[in-house]
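S.K.: quick one, fold the following:
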Amino acid sequence: MPLDPQIAALLSLLEAPGVVPIHAGTPEAGRASFRALTCGMVAPDQVVPVGKVEDLIVPGAAGDLPARLYRPEGPGPWATVLYLHGGGFVIGDLDTHDQTCRRLTRDADVVVLSVAYRLAPEHPYPAGPEDAKAAAAWAVDHLPELGGDDRLAVAGDSAGGNLAAIVAQTMPDRLAAQILIYPSVDPLVDYPSRHDNAMGYFLDDPTMAWFSHHYVGADLAALDVTDPRLVPMLGDVAGGPPAVVVTAEFDPLRDEGEAYAGKLARAGVAVDLVRHDGLIHGFLDMVGLSTASAEAAADLHARVRRVLDGAGR
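M.R.: Residues are numbered from 1 along each chain as shown. Okay, the predicted model is just below:
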């Protein structure tokens, strides 16, 4: 299927002369650029309304972490979704994914707990996975205060999908679902989609290398590349919670996300896999600019509703 025309127009703007790509700057500059592309483009009248939003603190692996709790309209009780934002483990924060979490809250009728795990290079691997596991353990113990019923799902996009997969492997019996949105789960394997979509589709080869350099450094020989905290594809997924796995046609991470869905299915995990043709990595951040992205987001929310309804109350 051809690239969505509205996405193509956005990519043309991002490739215009004078626009500095993320991989050409510092982490601080990358964070500012990502904020400008996400929360910086949201006018006050475009903020998605939900019942209540509360900033709070949750314990991480090495100290407190900022978090934001979103509640739907109505009395509840609701399931709770722990949301872990994307951004290559280097950029992204509570604000960049505020609209994403608001839409998920409103349209899937769930409480969303968004947690700002520590970022590289200030806090390189494995700070992110350890923070995600600590936040999930805290959420499990505080469900009555959060959503009101006993269902906890973990969700994340891109790098956050990596962290969500790790959490699901760590505490499979405590989760009602895992929601993996164009996840990075097998970073050391050269899948065809990494070549087919290497350049021109927002998440490109130089940017992925920039993220990796800041997250794990240049010397892979110093790392245990069999550790599932680094490569979730190598982890034990048996007995895991039902999964929703979302990929995009023009995404370099497409094939590894779909391969991970296959691994889950072979292990007996119920998997709802969907590929959105015509779209690129990060389309959830492009809902206001692309009708196809908005439709894909609505489809995701319907799938989240179904998987959590199937988990009971």
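
S.K.: measure stretch 75-87 end to end?
M.R.: Using CA to CA, to the nearest Å, one end of stretch 75-87 lies 34 Å from the other.

S.K.: that one: how far from the chain's middle?
M.R.: Once both centres are worked out by CA atoms, centre = their mean, to the nearest Å, stretch 75-87 turns out to sit 12 Å from its chain's centre.

S.K.: cool, stretch 104-122 as well?
M.R.: A distance of 8 Å separates the C-alpha centroid of stretch 104-122 from that of its chain, computed with CA atoms, centre = their mean.

S.K.: keeping just the C-alphas, turn that stretch into PDB.
M.R.: What follows is stretch 104-122, C-alpha atoms only, in PDB (Å, rounded to 0.1, in the frame of the first residue of the first chain):
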ATOM      1  CA  LEU A 104      -6.300   5.700  25.600                       C
ATOM      2  CA  THR A 105      -8.100   6.700  28.800                       C
ATOM      3  CA  ARG A 106     -11.100   8.100  27.100                       C
ATOM      4  CA  ASP A 107     -11.500   5.700  24.300                       C
ATOM      5  CA  ALA A 108     -10.600   2.400  26.000                       C
ATOM      6  CA  ASP A 109     -12.200   3.500  29.300                       C
ATOM      7  CA  VAL A 110      -9.200   2.600  31.400                       C
ATOM      8  CA  VAL A 111      -7.100   4.300  34.000                       C
ATOM      9  CA  VAL A 112      -3.600   5.100  32.600                       C
ATOM     10  CA  LEU A 113      -0.600   5.400  34.800                       C
ATOM     11  CA  SER A 114       2.200   7.000  32.700                       C
ATOM     12  CA  VAL A 115       5.600   6.700  34.200                       C
ATOM     13  CA  ALA A 116       8.800   8.700  33.300                       C
ATOM     14  CA  TYR A 117      11.600   6.100  33.600                       C
ATOM     15  CA  ARG A 118      15.200   7.300  33.700                       C
ATOM     16  CA  LEU A 119      16.700   8.200  30.300                       C
ATOM     17  CA  ALA A 120      20.000   7.600  28.700                       C
ATOM     18  CA  PRO A 121      22.800   8.800  28.400                       C
ATOM     19  CA  GLU A 122      22.500  10.100  31.900                       C
END
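
S.K.: okay, buried residues for that stretch please.
M.R.: When neighbours are counted by 16 or more other CB atoms under 10 Å, the buried residues of stretch 104-122 are found to be 104-120. (Glycine included, C-beta is placed from N, CA and C.)
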